[in-house]
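*Asks:* Kindly return the folded structure for what I paste below:
(chains A and B)
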Amino acid sequence: MTDILIKNLPILVVLCPLMMSLIVVLIPNIFLSWLLTFASTFVAFIFSILLYQEVQIHSTISYALGNWAPPLGIEYVIDKVSIFPIIIITLIGFLTTIFSSKMMPDEINETSISKVYSLWLLAIAGLIGLVTTGDAFNLFVFLEISSLASVALVAMGAQKDKQALVAAYNYLIIGAVGATLYVIGVGLLYGITGTLNMADLSERVVDLKNNKALIAGFGFMIVGIMVKAAVFPMHIWLPRAYAYAPSAVSVLLAATATKASLYILARILFSVFDIADNLIINTLSYIILPLSIIAMFAGTIMAVYEKDIKRLLAHSSVAQIGYITLAFAIGTKASVAAGFIHMFNHALIKGALFMAITSISFYIQKRVTLSNLSGLGRAMPITFFCFVICSLSLAGLPLTAGFISKLYLIKASISADGLWIAILILFSSALSVIYLWKMIEALWLQQPRKEIIIKENPTIYISLLIITFLNIYFGLDASFVVDSSTEAAEKLVGVSK
Amino acid sequence: MISFENLILITLLSPLLVCLLTPLLSSKPILRDILGPLGGIISSWGAIQLMASILNGEQPRLELLQIAEGISISFEVTPLGAIFGLVASVLWIFAAIYSVGYMRGNKEKNQTRFYIFYAMAVHAALCIAYAGDLLTLFIFYEVLTFSTYPLVTHKQNEMAQKAGRLYMSILVGTSVILLLPAIIWVWVVTGSLEMSQNGVLDGKMNPDYAPYLLAMFVFGIGKAALMPIHKWLPAAMVAPTPVSALLHAVAVVKAGVFTMLLILTNVFGIDFLSKTGASNWLVWLASFTLLTTSIIAIYKDDIKARLAYSTISQLSYITLGGALASSMATQGATLHIITHAAGKITLFFVAGAIYVGAKMSKISELNGHGKSMPLIFLAFFVGSLSIIGVPPMGGSWSKFFLMLGAAESGYITVIAVFCISTILNAYYLMEIPARAFFFKKEREVKIKIPILITIPTLITCFLTILLFFFIEPFENLTSIMVSKL
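*Replies:* Below you'll find the model as predicted:
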């Protein structure tokens, strides 16, 4: 029994939320639909932990879907690289589901809640599938599953604020353009190599150096994924989508959605293609590197001038994605590892910050802007405490997870003779302190306009506390994150680099 | 016999424990207020034991936890660290007593919060003193900045908010943008975050880059308040006086110059510096800061602002001592950490006493009040003499060594700088007791100084005299520090 379970884990981790989403939609009871969602995300999380252990033993697990052997059939690959985002997605999925139990009924009609949870699970399943699959076309399918489900989820925000519809529409159109570009790229590659399996592709592209169709296909794929990953300047869908989605959805999307796409980006750049290839070297140093640096500053500066806190955090995400792509762009083993470390830590940080802000908006029943944060710190000490810790973590201050990211990122760039890149990274992260500090100052120093009494709700702050704790824990004991990222980078870039 | 690991833990954890216990006792103000001095006594006891062990030639070390491969939080007591640790913990006892008197006398709000972060800041300062590697140093450097923010903005009004912004943006900005990459640069070059008594860079770093690395360190350590990153220190004076006294005259700024000296001696190494001349520019920058801020101090009418600029100037003595890259000057700089701390904390205590007792904060208001507060102004007089460097006060030793060091490394101009600055010091500090004792009183003020303020002030004043006669153990420590391995 356990053998069968272990053997089928790669598909089960996807199927568990996918199948449950079909069941949940039929259940009218709010609590029951939440409970089933919770159960399936929890089980998916357990599965991903089991997979992690399996990967430690076998290093790579290949699963042939429907027993059709790859490269003809669809292959699911779980290795030291892909296990990392799977853990992020399932962990955050599970935590945000707890968080959503109070937030959802507040923002969504009773009748639509089970549908929302169904979409919720579909989005999570899509993201997990995106990461596990080893097939370039199947990847497109999951990309669309997760995007469409996310678009619908964002649109659900319209029950509170009609702006959500515009946000969802933007997200849909831009997302669809991205997906189309990606699938065109896949088509071109399929045309010249005759395979869709990524491992197989990587072997066949070696002989096709300087083939124009290959370069075009590569370009389409990369741009398509960069749209999904919200790499500057293809990020314009992101701030609105995050800002107007229902609270719990913002948390889920902010913490996971772009991470999966960033992982795909790394996989295409380093695993399907070869880092030693001129094509990749040029792409990294002339396209991704400058874009990342611009993203770091543009995102941060936009955030500094933003008054609406959810949008502010979304702009800050654009900058943070810039750090991750910058790490990829440097292209050494250490820097790719740093990128993965930051991917994990940023999921924890942004998830926590969005949780804190959306719970504040739940308590005060208003959109959270800089001006109505005044003096709330004293009214909600637990939320405020978590918010401060996670802000410090985002700024990269010691003893938090964010510091570990920054430390490795800086070290990687200095080792790669990029002292100036290191200084730029730190300069932009010092700028980020400005907007974080503005919020903390408003919460802490300003006097509230009128006396506010708020009773903090344990079902809301429990997941906030857990994720804040993780932010500190992974700042003090980073060996799990650092080791698995380093292994992932070794697998992607090769040991020698 | 307690093991060294435990001694380090006791010294470091007692302020942390105070910080954690204080909120639990917020409803019992008397018990709460005893915690601070008690923690100070335990901590100082540990610090004295650690200092004794260094004098016996031991090297206490504690590996606390490993964050990931190659990075860990570890503590090691170096001679320099032993001195700074002792200064911070011993003066904390008196500052804690003083703050009880001050906070009560001034009827400040949120006293519990104040004591929590006060103890937290001391904890961070001690962790800096005993930091065993560069990362630990950096971590607690930041903890110190953040734990002092609620103290600087204690009044929670607009002025405090502005000052807090300047404080954070300079200290966090410089440390994150420059100090952190500098540390990582060393990490990349030497392959580890360790420091060693004679420096780690010799032979590993291209000497051409050394001045740039040094510049990153020097401007990254904002707490040392070299020009042009000194603005945070006068701004921080909006904090209640006990904060200015212990933190902005002792713990925080001394953490800054301590870090500076540690970097100069244990990362670069005196020999490497004098061989490559990497720190020549720093000699001139420090001299410039030293003189300019002394001149600015003359024009400040607010007592605390004048003391703040005087502090900046005195900090530059220490940086200058390190930059001269001679063993004599380094010894002088290290001794100056102790003697200036004792002197300056006395001066700040007096400023606070005058504020609490007579509600005066301007120097021009002090005319003729010497007779109504004789002890307080006497303490100020003695403290000033120590800062100026007149025997028989402790301050004379450090100045003596610094001048010898300047001569040893052949900077004759620097000796002149020291002389001019001494005259300036005398000019701006002596004005205060002179006005108090010799000018005619302009108006009557009702004066009431709490006993908990007077006593610590007199004790620290007495310490400055004591230091003159009992400088020997410290001098031994500094000679261990500059000796070759």
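*Asks:* Could you look up the next helix or strand downstream of the helix or strand containing residue A:149?
*Replies:* Assigned by DSSP states H and E, residue A:149 falls within helix A:136-155. As assigned by DSSP H and E, the chain's next helix or strand after helix A:136-155 is helix A:163-193.
*Asks:* chain center to whichever helix or strand comes after that following helix: distance?
*Replies:* Counting by DSSP H and E, the element after helix A:163-193 in chain order, helix or strand, is helix A:198-205. Offset of helix A:198-205 from its chain centre (Cα atoms, centre = their mean, to the nearest Å): 26 Å.
*Asks:* Enumerate the positions of the helix holding residue A:149 that are buried.
*Replies:* A:136, A:138-155 (16 or more other Cβ atoms under 10 Å in any protein chain shown). Yep, even glycine has a C-beta here, placed from its N, CA and C like the rest.
*Asks:* And residue B:131, its phi and psi?
*Replies:* Dihedral pair for residue B:131: phi -60, psi 130, per degrees, to the nearest 10.
*Asks:* Next, count neighbours for it.
*Replies:* Residue B:131: 27 surrounding residues under other Cβ atoms under 10 Å in any protein chain shown.
*Asks:* So it versus chain A, what's the distance?
*Replies:* Counting by Cβ to the nearest Cβ, to the nearest Å, the separation of residue B:131 from chain A is 12 Å.
*Asks:* Now do the strands in the chain.
*Replies:* Looking at chain A here, since you left the chain open. Along chain A, the stretches classed as strands by DSSP state E are A:60-64, A:75-79.
*Asks:* try chain B instead
*Replies:* Assigned by DSSP E, the strands in chain B fall at B:61-68, B:71-76.
*Asks:* I'd like to check the angle between the longest one and strand B:71-76, please.
*Replies:* Following axes from the mean of the first three to the mean of the last three Cα atoms, to 10 degrees, one obtains 170 degrees for the angle between strand B:61-68 and strand B:71-76.
*Asks:* Strand B:61-68 - what's its average pLDDT?
*Replies:* Mean pLDDT, strand B:61-68: 82.
*Asks:* any residue of it up close to chain A?
*Replies:* Yes: counting by Cβ under 8 Å from any Cβ of the partner chain, chain A is contacted by strand B:61-68 at B:65-68.
*Asks:* and residue A:110, how many neighbours?
*Replies:* 11.
*Asks:* backbone phi and psi for residue A:368, please?
*Replies:* Residue A:368 adopts backbone torsions of phi -90, psi 120, taken as degrees, to the nearest 10.
*Asks:* Compute the distance between residue A:265 and chain B, please.
*Replies:* Distance, residue A:265 to chain B, using Cβ to the nearest Cβ: 25 Å.
*Asks:* So stretch A:402-410, near chain B or not?
*Replies:* Yes: Stretch A:402-410 is in contact with chain B by Cβ under 8 Å from any Cβ, via A:403-404, A:406-407, A:410.
*Asks:* any idea which of those is closest to residue B:236?
*Replies:* For the residues of stretch A:402-410 next to chain B, the residue nearest residue B:236 by Cβ to Cβ is residue A:403; the value is 24.6 Å.
*Asks:* Just give the nearest non-adjacent residue to that closest one, would you?
*Replies:* Spatially, and ignoring its direct neighbours in sequence, residue A:403 is nearest to residue A:396 (5.3 Å; Cβ to Cβ, 6 or more residues apart in numbering or on different chains).
*Asks:* cool, residue B:96 as well?
*Replies:* Residue B:96's closest residue in space is residue B:36 (Cβ to Cβ, 6+ apart), at 3.2 Å.
*Asks:* show me what contacts that neighbour?
*Replies:* Neighbour list for residue B:36: B:18, B:92, B:96-97, B:99-100, B:115, B:118-119 [criterion: Cβ atoms under 8 Å, 6 or more residues apart in numbering or on different chains].
*Asks:* tally of neighbours for residue 29?
*Replies:* The chain I'm using is chain A. Residues near residue A:29, counting by other Cβ under 10 Å, number 12.
*Asks:* my bad, the chain I had in mind was chain B
*Replies:* 15.
*Asks:* elements contacting the helix holding residue A:149?
*Replies:* Other helices and strands packing on helix A:136-155, by 3 or more Cβ pairs under 8 Å, 6 or more residues apart in numbering or on different chains; DSSP states H and E, are helix A:113-132, helix A:163-193, helix A:237-244, helix A:247-252, helix A:258-266.
*Asks:* Select, out of these, the one closest to residue B:308.
*Replies:* helix A:237-244 (43.0 Å).
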